[in-house]
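Undergrad: My questions are about this predicted structure, shown below with the sequence.
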Amino acid sequence: MSILTATNVGQSFGAYDVFSGVNIAVPDGGKIGLVGPNGVGKTTLLMILAGLSQPEMGQVHVARNARLGYLTQESSDAFSGLEHTVYEEMLVVFADLQEMAKQLQMMEDRMSSSPEAEELLEQYSALQQRFEFAGGYDYELQIKRVLTGLGFGDDTWNQPLEQLSGGQKTRALLARLLLEKPDLLIMDEPTNHLDVAAIEWLEGTLRTWDGAVLLVSHDRYFLDRVVDNIWEMSPRGIDLYRGNYSAYLQQRNDRWELKNKQFDALKESMAKEMDFIRRNIAGQRTQMAQGKLSRLAREVEAIHAGGLEVLPVLKSKGWLQVQNEFGLATRPASTVGELQDRINALRRPTKPVNLHLRINVGYRSGNIVLRTKDLEVGYPANSLFFAEDIELHRQECAGLIGPNGTGKTTFLRTILEELPPLGGTVELGASLQVGYFAQTREALQPQNSVLDEFLRYHPMPISEARNYLAQYLFRGDEVYNQVATLSGGEQARLALALLSLQGANFLLLDEPTNHLDLPAQETLQSALELFDGTILLVSHDRYLIDRLATQIWDLHDGRLKVYEGGYQNYLEQRDQELQLVKESKAEAEIASNGRSDQEQKGLSKNEQRLLAQRLEALEDQIHEKELQLAEVSEALQQASRLQEVDEIRRLSEAYAQTEAQLADLLDSWELAHQ
């Protein structure tokens, strides 16, 4: 069953067609990632599907009673005029439950002092059951879980919404949408304004989300972890791919190879057809040859208009329908010469235009590229962190990760000798040519044109410079645009163009994928994979770090820790460390709260450790059962609304069983503490 369908949807602004021919269906429970280059209309399409904008053509249909939730990229005005605090805004989602709680309290008061208590008892029991099934006893737990997961500390819960930053408002809107649990959650760049911990929490939440999800994201790792379908958007419509982002990449390449094989086979078939037409156009088979010429001419014209994909449309719907759908204004060739010219003009299927990037190394560096000893980084009045001793070798890639504000950019400036270390030493290797890509692009001169800025760094003939800039998608008069007027993505492309010609053998990259669309990110990744030098990569792009890094430098809580190996190895070690911390805390709690009891029981340290592990396992199981109980409660509420008697009976049994299991676990937990 589809929650939402769109048929032949298109949008234009004046004479400019943004996109057309969008035909999609969002299945119940589907997890879909919408990708495509910047400017193709992804946000416009999401707004149309969410009902916030009307398409110029086509229709959107939403299933009856289906609820949609929409998260914009920037939600700074989402709560304008509201005087709620963050927590109060979350409570709005559960207004019905709060009203039921008030009614229950009133009934309790009346039953305690009214002779009609027995008459009220039945009403009270029925309302209490509805309240329990609807999650009345755990909605505050849901609010806490969501706010904490999205990075709202306890100190921000009572903060007025109007005092939040734009990013905090976007996170608050996302929190409210998750609590509302719409049937289809539409999100435009949901990982904006989230740190890695919050993104990982959101990934886990969306993977188990009961409803459907449709999202736009430049975070490839997030797409890999969340979605099970990719929709690739282009001006001519949407191509569908099954699987996550990595599966989409493989399928896309397979499709391009198949298209090229089909093109070769088609050209060979056309050559045979043309040979028959030439030999028979003036002979006894003139009528047959003329028919083949007309048919082949229509096929060729259709391919010129819409590619190889048009041929099935042409064969099933006919020439007039193809003319209408693709707006063909030219007539098919009517002579052998015209047709041959049109066949010769057919172009092999090519991938969408993307920037061309290759970072050349001028000369080889020494084997030791970077070494630190007892390093302390920061400013004279503000120490930021201490670092474990580092040794980075040639052709390695170090991924420097950590929350914003911890000192990652300051560390790069320390390596560049723009700032002295507060303590310890930083030693650069021999024969280094350092290339620095700054996320702020502060080195670019805003008053210069793109061309002038490029020539300032790399003097060369103007024609040669323009050809080079065209590889970075600065074409025609775009080279005369002022740097100050460029978008973030355009500035990033210009910075990459400047970096690629430096001949650097040691790259310091500070958030290089910021503002780049997915095709540009893929190109940058390919260039860095082929780079024959050393890389220090500061990035929140986990997909890029996962593909490149041979070391992970984790900067947290004033300390930089070095993990040998790639990103997956780092995740495994991090999880092991977190588990050890939990066990240590549990052991410390047992030692502080029940030392005399343990001594009386005569438990050894090993037995105490096993007891701590059992308690932690029980707590995890209790938490899981609480979540299951909440899910069954919500399902019961839905079944009650739909008056599905059999489903209500089944879910009631499941609720009773889960509640009994939870009670057993709580008893076991209490016994373990005795």
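TA: Okay, I see it. Computed from a prediction, not measured in an experiment: that's the story for all the values here.

Undergrad: Could you use CA atoms for every contact and neighbour count after this?
TA: Noted.

Undergrad: And residue 26, its phi and psi?
TA: Dihedral pair for residue 26: phi -100, psi 110, per degrees, to the nearest 10.

Undergrad: partner residues bridging it?
TA: As for beta bridges, residue 26 partners with residue 4 under DSSP bridges.

Undergrad: mind checking how far it is from residue 60?
TA: Between residue 26 and residue 60 the distance is 11 Å, computed by CA to CA, to the nearest Å.

Undergrad: Residue 357 now?
TA: Residue 357 is 40 Å from residue 60, where distance means CA to CA.

Undergrad: one step back: what sits in contact with each of residue 26 and residue 60?
TA: Common contact partners of residue 26 and residue 60 (CA atoms under 8 Å, 6 or more residues apart in numbering): 4-5.

Undergrad: List the contacts of residue 457.
TA: For residue 457, the contacting residues are residue 498, by CA under 8 Å, 6+ apart.

Undergrad: I believe residue 108 is in a helix; please confirm or correct that.
TA: Yes - counting by DSSP: H, G, I helix; E, B strand; the rest coil, residue 108 is found in a helix.

Undergrad: residue ranges for the helices of the stretch 501-650 of the chain, please.
TA: For the stretch 501-650 of the chain, applying DSSP state H, counting those that start in this stretch gives helices covering 518-530, 542-548, 567-601, 605-642, 645-673.

Undergrad: meant to ask about the stretch 51-200 of the chain, not that
TA: Applying DSSP H, counting those that start in this stretch to the stretch 51-200 of the chain gives helices spanning 86-92, 95-113, 117-133, 139-149, 166-180, 196-207.

Undergrad: How far off centre is the fifth one?
TA: Averaged C-alpha coordinates place helix 166-180 at 16 Å from its chain's average position (CA atoms, centre = their mean, to the nearest Å).

Undergrad: and what of the fourth one?
TA: Per CA atoms, centre = their mean, the displacement of helix 139-149 from the mean C-alpha position of its chain is 22 Å.

Undergrad: And for the first one?
TA: Between the centre of helix 86-92 and the centre of its chain there are 26 Å (CA atoms, centre = their mean).

Undergrad: For residue 399, see how far away residue 549 is.
TA: In this view, residue 549 and residue 399 are 5 Å apart by CA to CA.

Undergrad: what does residue 85 give?
TA: Plainly put, residue 85 is 38 Å away from residue 399 if you go by CA to CA.

Undergrad: more neighbours, those two?
TA: Remark: of residue 85 and residue 399, residue 399 carries more neighbours, 29 against 18, as counted by other CA atoms under 10 Å.

Undergrad: Touching, the more buried one and residue 544? I think so.
TA: No - between residue 399 and residue 544 there is no contact, the gap being 9.2 Å when judged by CA atoms under 8 Å.

Undergrad: What distance separates the opening and closing residues of stretch 111-121?
TA: Stretch 111-121 has an end-to-end distance of 8 Å (CA to CA).

Undergrad: which regions of the stretch 551-674 of the chain sit below the pLDDT cut-off?
TA: Residues of the stretch 551-674 of the chain meeting the criterion pLDDT under 70: 589-611, 613, 636-649, 652-653, 656, 667, 669-674.

Undergrad: let's see 50
TA: For the stretch 551-674 of the chain, the stretches with pLDDT under 50 are 596, 598-600.

Undergrad: where do the strands sit along the stretch 351-500 of the chain?
TA: Secondary structure of the stretch 351-500 of the chain, counting by DSSP state E, counting those that start in this stretch: strands at 368-379, 382-387, 391-393, 397-401, 423-428, 434-437.

Undergrad: List the buried residues in the third one.
TA: Looking back up the chat, that one is strand 391-393. Neighbour counts using 16 or more other CA atoms under 10 Å place 392-393 of strand 391-393 among the buried residues.

Undergrad: Residues contacting that strand, please?
TA: By CA under 8 Å, 6+ apart, the surrounding residues in contact with strand 391-393 are 367-372, 398, 534.

Undergrad: How about the last one?
TA: For strand 434-437, the external contacting residues (CA under 8 Å, 6+ apart) are 495-496, 499, 502, 504-510, 512.

Undergrad: Equivalent analysis for the first one, please.
TA: Taking CA under 8 Å, 6+ apart as the criterion, the residues outside strand 368-379 that touch it are 383-394, 407, 410-411, 414, 421-430, 432, 506, 534.

Undergrad: and the nearest residue to residue 383 once chain neighbours are set aside, how far is that from residue 391?
TA: Leaving aside its chain neighbours, residue 383 sits nearest to residue 377 (6.2 Å; criterion: CA to CA, 6 or more residues apart in numbering). The gap separating residue 377 from residue 391 is 17 Å, by CA to CA.

Undergrad: give the contact list for residue 255.
TA: Applying CA under 8 Å, 6+ apart, no residues contact residue 255.

Undergrad: Report the separation between the closest residue to residue 473 other than its chain neighbours and residue 395.
TA: Setting aside the residues directly before and after it, residue 473 is nearest to residue 355 in space (CA to CA, 6+ apart), at 5.8 Å. According to CA to CA, residue 355 and residue 395 sit 24 Å apart.

Undergrad: Equivalent analysis for residue 316, please.
TA: From residue 316 to residue 395 the distance is 55 Å (CA to CA).

Undergrad: Comparing these two, which residue is more hemmed in?
TA: residue 395 (18 against 10).

Undergrad: Quick check on that one: phi, psi?
TA: Per degrees, to the nearest 10, the backbone of residue 395 is at phi 70, psi 10.

Undergrad: you'd agree it is up against residue 533?
TA: Yes - Residue 395 is in contact with residue 533 according to CA under 8 Å; the separation is 4.8 Å.

Undergrad: burial of residue 422, as a residue count?
TA: Neighbour count for residue 422, taken as other CA under 10 Å: 19.

Undergrad: Could you tell me the per-residue confidence at the closest residue to residue 481 other than its chain neighbours?
TA: Nearest residue to residue 481 in three dimensions, chain neighbours excluded: residue 449, at 5.2 Å (CA to CA, 6+ apart). The model reports residue 449 with a pLDDT of 94.

Undergrad: hang on, the earlier thing: for the helices of the stretch 51-200 of the chain, which one sits closest to residue 67?
TA: Nearest to residue 67 among the helices of the stretch 51-200 of the chain is helix 166-180 (9.5 Å), distances taken as CA to CA.

Undergrad: Can you point out the buried residues in the closest one?
TA: Applying 16+ other CA under 10 Å to helix 166-180 flags 166-180 as buried.

Undergrad: Check which residues of stretch 474-485 are buried.
TA: 474, 478-479, 481-483.

Undergrad: Neighbours of the closest residue to residue 195 other than its chain neighbours, how many?
TA: For residue 195, ignoring the flanking residues on the chain, the nearest one in space by CA to CA, 6+ apart is residue 403 at 6.5 Å. For residue 403, the neighbour count with other CA under 10 Å is 16.
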